[in-house]
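Trainee: Sequence first, then the predicted structure:
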Amino acid sequence: MRRLLGITVAIVAVVASASCGSDSGGSTGDGGGKVSIGFSQANNGDVWRVNQTKKVQETCKALMPDAEIVVTDGGGKGDKQSADVDDLITRKVKVLLLTPLTAEALTPAADRARNAKIPVITMDRSVTTDVTQHIGADNKLIGAKAAEYVANTLLGGKGGKIIEIQGVLGASATTDRHNEFKAWLDKNAPTVKIIESQTGEYRREPAVKFMEDMLQRYKPGDFDVVYAHNDEMALGAVQALKTANRLATTKVVGIDGQNEAIDAIKKGEIAATFTYDNAGKEACESAAKLLKGGTVDKTWVLQTNQIDSTNVDQWIGKGF
């Protein structure tokens, strides 16, 4: 969710060398007798997802030292990620961890994995089919809380105009963060309006370009708040606003809890962010439990926290 770092190749991490033995119930993958855990990453090309991949690799290695951890990178392309899932099915992974690019692109792939009797754990974004478990923060809650903060705290209940920078269109997180934000405003603050809304693909560079266009179109005072679906895009908006010398008259809100954004809150450049755990640790915990023959809850909702000027000192250095 998420700054492009120039990572263009799939990551395949092979951890340790022995079989999981009795923990796997006697079943193995095709990796020379090792049990394999597959992680299909949507796009390992931004800060949030690089951190997520790292968390999966580190936690799964710690919890399942005798397993092979196979990580693939969809590169932000639904067809590529779908093919990655098929490859992991062919490898006979014993659990599939999946962070889908979009529900439309990856739902059929999740079905194929389940049909192959592979437990599927979705992380962050969901698909529109039955899976073993979904882990993530409540994006609907985040959208509503962001709207409440904008309307009541930033705008003081007096109304105002918002420019929204959405994430990847079709991703469940994007849909929820947009729909619930707008629904809360429509119900509770009808004088607060979204005047422009466009995707920034969860990346900083497209957000900068979009904000530059908005700053050309709208004069100072024409809008009050920028609501970005993640911190990378919020930071991009800040960059464009600073260049145009218009940051002082515009409030920016992001989501994720990125350290750079937390530092920007401390400096007064971003008003608030909402933490969004990447679920890498929790997904590995569930995978380890499944390999030992245990069961997991269908849904694991992770906590989110609002970070703003009132509590930012408590969060410095505690993001990602």
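Mentor: That came in fine, so what should we check first?

Trainee: can you give me the helices for this protein?
Mentor: Assigned by DSSP state H, the helices in the chain fall at 47-63, 78-90, 103-115, 139-148, 172-188, 204-217, 231-243, 259-266, 280-291, 312-315.

Trainee: How much space separates Ile262 from Ser309?
Mentor: Using C-beta to C-beta, to the nearest Å, we find Ile262 at a distance of 11 Å from Ser309. In this view, the C-beta of every residue, glycine as well, is placed from N, C-alpha and C.

Trainee: Neighbour count: the two, which is higher?
Mentor: Using other C-beta atoms under 10 Å, the more surrounded residue of Ile262 and Ser309 is Ile262, with 26 against 13.

Trainee: Would you agree the more buried one is in contact with Gly319?
Mentor: Yes. Ile262 is within contact range of Gly319, at 5.0 Å (criterion: C-beta atoms under 8 Å).

Trainee: quick one on the thing from earlier: highest mean neighbour count out of the helices of the chain?
Mentor: Of all the helices of the chain, helix 231-243 has the most neighbours on average by mean count of other C-beta atoms under 10 Å, namely a mean of 25.

Trainee: Name the residues of stretch 126-140 that are buried.
Mentor: 126-127, 131-140 (16 or more other C-beta atoms under 10 Å).

Trainee: Check stretch 148-168 too.
Mentor: Buried, per 16+ other C-beta under 10 Å, within stretch 148-168: 148-151, 153-155, 160-168.

Trainee: quick one, domains of the protein?
Mentor: Domain assignment for the chain by automatic domain parsing gives 21-133+279-300, 139-276+308-315.

Trainee: so can I have TSV of these showing mean pLDDT?
Mentor: Output for the domains of the chain, formatted as TSV (pLDDT from 0 to 100):
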stretch	mean pLDDT
domain 21-133+279-300	91
domain 139-276+308-315	98
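
Trainee: pLDDT value on Val14, please?
Mentor: With respect to pLDDT, Val14 scores 32.

Trainee: repeat for the one 3 residues further on
Mentor: Looking at Ser17, its pLDDT is 29.

Trainee: count of neighbours near the nearest residue to Ser286 once chain neighbours are set aside?
Mentor: Closest residue in space to Ser286, ignoring its immediate chain neighbours: Val296 at 4.6 Å, by C-beta to C-beta, 6 or more residues apart in numbering. A total of 17 residues lie near Val296 under the criterion other C-beta under 10 Å.

Trainee: thinking Val296 is in contact with Gln133, fair?
Mentor: Yes. In terms of C-beta under 8 Å, Val296 counts as a neighbour of Gln133; the distance is 4.8 Å.

Trainee: Touching both of those two, which residues are there?
Mentor: Residues touching both Val296 and Gln133 (C-beta atoms under 8 Å, 6 or more residues apart in numbering) are 121, 286.

Trainee: My read is that Gly317 contacts Asn259, right?
Mentor: Yes. Between Gly317 and Asn259 there is a contact under C-beta under 8 Å: 6.5 Å.

Trainee: related to what we said a few turns ago, return the closest of the buried residues of stretch 126-140 with respect to Lys54.
Mentor: Taking C-beta to C-beta as the measure, Lys54 lies nearest Ile135 of the buried residues of stretch 126-140, at 16.7 Å.
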